[in-house]
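Participant: sequence and predicted structure below; questions after.
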Amino acid sequence: MNFFTNRIGEQYFAQSVPRVAVDLGAGGGRDTRYLAGKNCRVNAVDPDPQMEGALAAEAGPRLRTITSTLRGAAFENDSIDLINAQRVLPFIHGEDLKADLRESFRILKPGGHLNASFFETGHSWNKQNNPKIHFDSEATVRSLLRDAGFEMGPDDCHVNNVRNHKSASGKIVENWKEIWVVATKPQASS
């Protein structure tokens, strides 16, 4: 969430009416909890039922768990302020990725944001030929988002390279390269 708060600012969360957010690929709930603590009503979406158990104690009016994919969650048009998709999109491929980006665009309110990360082609895991993960260049990511309808400024995309990053499994990854993006659904034209 650091890239998002650096690009958009903490004032984004400082309003009397809570923002409505989706934490896509919520997993253990780290970002879900962060958003719930930042005046958001959070929909934690993950197809893995273990996510519900990880967040069961916090579920309530500010936090809802949905064991599904983004498209399966069936959100209404223009109903979400923010979609957080950290380290989940590299596991969604081809037409499914394009469909999820179009779905993100559909459910975001005009002016809403997609805060996402993609694995960059220089990531160490790219050498392992793992068919479950895809890797993209910054140009490809920008193109995918533009094709889905999003707008991005020149500073809304950043390639982050961390040497010897500790992955979620605890293994050290020599070159952890992620593309961090904040894409915006344009305001409705008048």
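Facilitator: Yes, it's here.

Participant: show me what counts as buried in the helix or strand of the chain with the lowest mean pLDDT.
Facilitator: None of the helices or strands of the chain scores lower by mean pLDDT, DSSP states H and E than helix 2-8, at a mean of 83. The neighbour-count check on helix 2-8 (16 or more other CB atoms under 10 Å) flags Phe3, Phe4, Thr5, Arg7, Ile8 as buried. For the C-beta atoms, the positions are set from N, CA and C on the backbone; glycine is no exception.

Participant: can I get the CA coordinates of the lengthiest helix in the chain in CSV?
Facilitator: In the chain, taking DSSP state H as the definition, the longest helix is helix 94-107. Provided in CSV are the C-alpha atoms of helix 94-107 (Å, rounded to 0.1, in the frame of the first residue of the first chain):
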residue,chain,number,x,y,z
GLY,A,94,-4.3,-14.2,-20.6
GLU,A,95,-8.0,-13.6,-21.3
ASP,A,96,-8.8,-14.2,-17.6
LEU,A,97,-6.4,-11.3,-16.6
LYS,A,98,-7.9,-9.1,-19.2
ALA,A,99,-11.5,-10.0,-18.0
ASP,A,100,-10.5,-9.2,-14.4
LEU,A,101,-9.1,-5.9,-15.4
ARG,A,102,-12.3,-5.0,-17.3
GLU,A,103,-14.3,-6.2,-14.3
SER,A,104,-12.2,-3.9,-12.0
PHE,A,105,-13.0,-1.0,-14.3
ARG,A,106,-16.7,-1.9,-14.4
ILE,A,107,-17.1,-2.0,-10.6
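
Participant: helices or strands up against that helix?
Facilitator: helix 70-73, strand 80-85, strand 108-119, helix 138-148 (3 or more CB pairs under 8 Å, 6 or more residues apart in numbering; DSSP states H and E).

Participant: what's the angle from that helix to helix 138-148?
Facilitator: 50 degrees (axes from the mean of the first three to the mean of the last three CA atoms, to 10 degrees).

Participant: list the buried ones in helix 94-107?
Facilitator: Leu97, Asp100, Leu101, Glu103, Ser104, Phe105, Arg106, Ile107.

Participant: likewise stretch 24-36?
Facilitator: Result for stretch 24-36 [16+ other CB under 10 Å]: buried residues Leu24, Gly25, Ala26, Gly27, Gly29, Asp31, Thr32, Arg33, Tyr34, Leu35, Ala36.
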